[in-house]
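Trainee: okay, predicted coordinates and the sequence, questions at the end:
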Amino acid sequence: MGKKKETTDHTAELEESYERWEYLKEYGGSDPSYADGSNMNLVRNHIIYHKHKLMEQYGTDYEKYPEAFYRELPPEVDDNYMARTGEIRDGAVEALEAYITDSNFLYIFKNKDMLTKKEAQKISLYNVLGYASGLARAIKDGDLIVMRRHAGIPDNYLEAFARCAERMKQMIKDKKKAPEQMQENEQFSLFQFGMETGRTR
């Protein structure tokens, strides 16, 4: 059986890798777990790989090498580098403000102790509250990766508050207990909030 024919277009992949590296440097990415610097170094490795494959493909036939082959290799960067840091921080603060003023979130927070631990786990209550407390911690600690997940007030987090509140209301209704309502002028400290949302019964 003959050798499998190479099907990857390394020239196109090389050009795309250079573009991807430049994009990450200026605008950053959306990886939920890794900083932009880590992904930039990964793309840098892709560039090295595709250049190596082109050398295998063309050897000393230098006229066949694409222009991208002769481009300077991007430098290694700090794995923790993040683009648009100011924008991410501002977006995270905006998101947290939206979370802690959301009517569904306030309902969940105010009535969380009306459910047993088992009931709370069934509707992922503390996980849902943890979206806000986790973001508050990330802002305090300067964790840009976590902040980026929330920047721009993603609808999925607000939708999670709504779904959890709806299920919670039904559970409380079945208990025939009157839920507490957050008063219009009532406030709670973020410190208190962060401590209480991690509590179990």
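Mentor: Happy to help now that I have it.

Trainee: from residue 60, how far off is residue 162?
Mentor: Taking Cβ to Cβ, to the nearest Å as the criterion, residue 162 is separated from residue 60 by 64 Å. Every C-beta, even on glycine, is put in place using the N, C-alpha and C of the backbone.

Trainee: ignore the last one, residue 15
Mentor: In this view, residue 15 and residue 60 are 22 Å apart by Cβ to Cβ.

Trainee: quick one: buried residues of stretch 59-79?
Mentor: 68, 69, 74, 77 (16 or more other Cβ atoms under 10 Å).

Trainee: what does stretch 153-172 give?
Mentor: By 16+ other Cβ under 10 Å, the buried positions in stretch 153-172 come out as 153, 157, 158, 160, 161, 162, 164, 165, 167, 168, 171, 172.

Trainee: check pLDDT for the residues you listed and point me to the minimum.
Mentor: Confidence by pLDDT is poorest for residue 153 among the buried residues of stretch 153-172, given 73.

Trainee: max-length helix in the protein?
Mentor: Ranked by number of residues, the top helix in the chain under DSSP state H is helix 36-58.

Trainee: ok, residues contacting that helix?
Mentor: By Cβ atoms under 8 Å, 6 or more residues apart in numbering, the residues outside helix 36-58 that reach it are 6, 8, 10-11, 13-14, 17-18, 20-21, 24-25, 28-29, 31, 64-66, 69, 73-74, 76-83.
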